[in-house]
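1. Kindly generate the corresponding structure for this input.
(one chain, ligands or ions: 1)
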Amino acid sequence: MADAVHTRRVFSGIKPSGGLTMGNYLGAIKRFVEMQSPDTMSIYCVVDLHAITVWQDPADLRHATRELVAAYIASGIDPDQSILFNQSQVSAHAELGWIFNCVARVGWMNRMTQFKDKAGKNAEKVSLGLYAYPSLMAADILIYHATHVPVGEDQKQHVELTRDIAAKFNHDYKVDFFPQPEPIIDGPATRVMNLRDGSKKMSKSGVSDMERINMTDDAALIAKKFKKAKSDAAPLPESVEGLKGRPEAKNLVEIYAALSDSSPEAVIREFGGAQWGRFKPALADLAVARLEPISLEMARLMQDPAEIDLILAKGADKANAIAQPILDKTYDIVGFVRG
Ligand code: TYM
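-> Presented below is the predicted three-dimensional model:
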């Protein structure tokens with residue numbers, strides 16, 4: 001891969017905090033797989049430094065890190081084609097993150113909606129890392145001079161902040177060094193919602209397990225969760241416009257579209273006018289058909305943690321080979337003396 005000519009550099013990451021949901025799969029991993037191609041350098045990271053912005057039990061963190069690697073590979077990330085590694089093994093992320101803490105402004109951080117949501121009324125008690133997290137995320141992307149960043153809708157603001165940090169660094173030091181990365185937010189499932197409340201995002205940390213599909217759920221549980229998913233009284237509409245004001249219906253249609261590699265329009269063409277009693281079992285069958293092979297493969301890969309660790313070590317070497325020269329150059333620009 002070192003001699004291939006890559007016209008795009010893709011970077012993205014996922015936190016190993018708790019289990020992985022279908023939201024992470026449809027909004028992120030599935031799209032990462034689709035972006036692997038010979039003209040793309042793709043770098044996919046398990047962002048463990050980000051995970052500890054909230055408390056993680058060390059044994060759980062190790063498990064979640066390996067399980068996320070298993071999910072990447074089981075979903076189709078090829079560690080020979082893409083660079084797959086965990087963030088803490090490439091220290092340049094943290095080092096550039098510090099420099100960006102000195103570039104980003106407190107006022108910018110105060111506008112981050114995800115911090116406000118996560119900290120809630122508890123803002124005085126959360127870690128300083130949770131507050132500074134977006135500048136580490138900017139470092140994750142820019143330490144590779146990445147040009148494209150596939151993410152779900154909830155990360156858009158952080159990628160925009162990354163662009164601001166790159167621009168301010170270039171302006172302050174009068175260089176044209178860091179690129180302006182593009183967030184890639186496309187497909188029908190950029191914001192998968194909670195199965196019990198269509199106004200909330202599906203997340204790892206939601207209170208009830210029935211709200212989300214976990215990538216480790218078995219077929220029976222996946223089917224049960226879709227059967228019990230909140231819907232509404234009307235049948236499916238005859239056009240996508242009819243999904244307006246029906247968040248639960250819209251979510252289930254979008255999930256179907258993403259799992260079947262089609263579009264909400266195509267789903268409505270097939271199911272317009274159908275009752276939930278027909279649509280939900282079809283959705284459950286589709287979800288099982290798509291997700292069960294991944295969860296079985298994840299379980300198989302998890303039986304050999306040493307192999308997973310080896311993949312991470314090799315990926316970290318490749319990542320480091322790209323990141324270190326960019327960090328060295330950044331140090332020179334900033335004026336740090338190097339021996
Ligand atoms: P994280 O770990 O919360 O989520 C990982 C990816 O999954 C997407 N996602 C969703 N997409 C659709 N519907 C949902 N319900 C849903 N829930 C999560 C997220 O948008 C994300 O793409 N800060 C990032 C991790 C990160 C990162 C980076 C991403 C750190 N450095 C650099 C890109 C580039 C995060 O917390 O994602």
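2. check contacts around D172.
-> Neighbour list for D172: V103 [criterion: CB atoms under 8 Å, 6 or more residues apart in numbering]. C-beta coordinates here come from the backbone N, C-alpha and C atoms, glycine included.
3. Can you pull the phi and psi angles for it?
-> With angles defined as degrees, to the nearest 10, D172 sits at phi -60, psi -40.
4. measure it to the ligand for me?
-> 22 Å (CB to the nearest ligand atom, to the nearest Å).
5. do the same with Y173
-> 23 Å.
6. Surely F177 is within a helix?
-> No - F177 is assigned coil when assessed by DSSP: H, G, I helix; E, B strand; the rest coil, not a helix.
7. Where is the longest helix in this structure?
-> As assigned by DSSP state H, the longest helix anywhere in the chain is helix 305-334.
8. Pull out the buried positions in it.
-> 305, 308, 311-312, 315-316, 318-320, 322-323, 326-327, 330, 333 (16 or more other CB atoms under 10 Å).
9. Could you find the closest non-adjacent residue to A51?
-> Leaving aside its sequence neighbours, A51 sits nearest to S17 (CB to CB, 6 or more residues apart in numbering; 4.3 Å).
10. what about the one helix or strand in the chain whose mean pLDDT sits lowest, near the ligand?
-> Lowest on mean pLDDT, DSSP states H and E among the helices and strands of the chain sits helix 113-119, with a mean of 87. No - taking CB under 6 Å from any ligand atom as the criterion, helix 113-119 and the ligand are apart, separated by no less than 7.7 Å.
11. Against L68, how distant is the residue nearest to A51?
-> Going from S17 to L68 by CB to CB, to the nearest Å gives 10 Å.
12. tell me the pLDDT at whichever residue of the chain sits closest to the ligand?
-> Distance from the ligand to each residue of the chain (CB to the nearest ligand atom) is smallest for G27, at 2.0 Å. Listed pLDDT for G27 reads 97.
13. same thing with E124?
-> So, for E124, pLDDT stands at 89.
14. Could you report the distance from it to A74?
-> Applying CB to CB, the value for E124 to A74 is 41 Å.
15. Equivalent analysis for S295, please.
-> Distance, S295 to A74, by CB to CB: 8 Å.
16. How about S231?
-> 30 Å.
17. One more: I52?
-> For I52, the distance to A74 - CB to CB - is 25 Å.
18. These two - which one has more neighbours?
-> Legend: neighbour count by other CB atoms under 10 Å for I52 and A74, higher for A74 (21 against 17).
19. which one is the more buried one nearest to, not counting chain neighbours?
-> Distances taken as CB to CB, 6+ apart place E297 nearest to A74, at 3.7 Å, with adjacent residues excluded.
20. Contacts only, for I77.
-> I77 sits in contact with I29, F32, V33, Q36, Y44, L84, where contact means CB under 8 Å, 6+ apart.
21. Could you identify the buried members of these?
-> Buried among these by 16+ other CB under 10 Å: I29, F32, V33, Y44, L84.
22. Closest to I143 out of those?
-> Nearest to I143 among these: Y44, at 14.3 Å, using CB to CB.
23. is it true that the closest one lies in a helix?
-> No - counting by three-state DSSP, Y44 is located in no helix; its state is strand.
24. The ligand contacts on the stretch 201-339 of the chain?
-> Applying CB under 6 Å from any ligand atom, we find that the stretch 201-339 of the chain lies next to the ligand at K201, M202, S203.
25. Point out the ones among these that are inside strands.
-> Judged by DSSP state E, strands contain none of these.
26. how about those residues in JSON lines, adding pLDDT and neighbour count?
-> Shown next, in JSON lines, are those (pLDDT from 0 to 100; neighbours: other CB atoms under 10 Å):
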{"residue": "K201", "pLDDT": "95", "neighbour count": "19"}
{"residue": "M202", "pLDDT": "96", "neighbour count": "25"}
{"residue": "S203", "pLDDT": "92", "neighbour count": "16"}
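27. now the residues you listed in JSON lines, with distance to V253?
-> Formatted as JSON lines, these follow (distance: CB to CB, whole Å):
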{"residue": "K201", "distance to V253": "17"}
{"residue": "M202", "distance to V253": "15"}
{"residue": "S203", "distance to V253": "20"}
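28. For the stretch 201-339 of the chain, which segments count as helices?
-> Applying DSSP state H, counting those that start in this stretch to the stretch 201-339 of the chain gives helices spanning 219-228, 247-259, 264-271, 276-302, 305-334.
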